[in-house]
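In: Provide a 3D model corresponding to the input given below.
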Amino acid sequence: MFGGLMAAVTSIFLVGWLGSVTNALGQGDELRVIAGTVIGGASLAGGYGTAYGAMIGSLLIEELRNALLLAGVNPFWQGTFIGGFIIVAIILQKIQVTEEED
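Out: Numbers count the residues shown, from 1 in each chain. Now for the predicted structure:
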C-alpha cells in the first residue's frame, strides 16, 4: 500500500515537472537502485540493510553520476564506473564481515 502511494505521489510530481509521463520512464534505472543499496550497506548475499543507508547510497550514486557528467565522461560509460563502485563496495563489505568474524 505504501509503495502504491509513493508511486502515485511520484507520478504526480513527474507530470508537473515533465508535463506528461510514459510507462517506460524509469527503465534502465535498476543498476542505480542496486548500486545505491549496496553502497548504502545492504548485502547482496542476503542479510540486512536500512532505508537510511539506501538513501545515503543513492545520494552518493547521484553525486557520482553528476561528477562524471561534469567531467565530460560519456553517459554510456557511466554504468561502467557505477558497476566498478558496486564491486568496490562488495569487496569492502566482504573485508568488513571477515574482520568482524575474527
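
In: going forward, measure contacts and count neighbours with C-alpha atoms only.
Out: Will do.

In: For the helix ranked longest in the chain, buried residues please.
Out: Longest helix of the chain, by residue count under DSSP state H: helix 75-101. By neighbour count with 16 or more other C-alpha atoms under 10 Å, helix 75-101 contains the buried residues 78, 82-83, 85-86, 89-90, 93.

In: Check stretch 41-52 too.
Out: 41-43.

In: Now do stretch 35-47: distance to the chain's middle.
Out: The chain centre lies 10 Å from the centre of stretch 35-47; the measure is C-alpha atoms, centre = their mean, to the nearest Å.

In: could you dump the buried residues of helix 75-101 to JSON lines with distance to residue 71 and pLDDT?
Out: Compiled in JSON lines, the buried residues of helix 75-101 are given as follows (distance: C-alpha to C-alpha, whole Å; pLDDT from 0 to 100):
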{"residue": "78", "distance to residue 71": "11", "pLDDT": "83"}
{"residue": "82", "distance to residue 71": "15", "pLDDT": "80"}
{"residue": "83", "distance to residue 71": "18", "pLDDT": "82"}
{"residue": "85", "distance to residue 71": "17", "pLDDT": "81"}
{"residue": "86", "distance to residue 71": "20", "pLDDT": "80"}
{"residue": "89", "distance to residue 71": "22", "pLDDT": "79"}
{"residue": "90", "distance to residue 71": "26", "pLDDT": "79"}
{"residue": "93", "distance to residue 71": "28", "pLDDT": "77"}
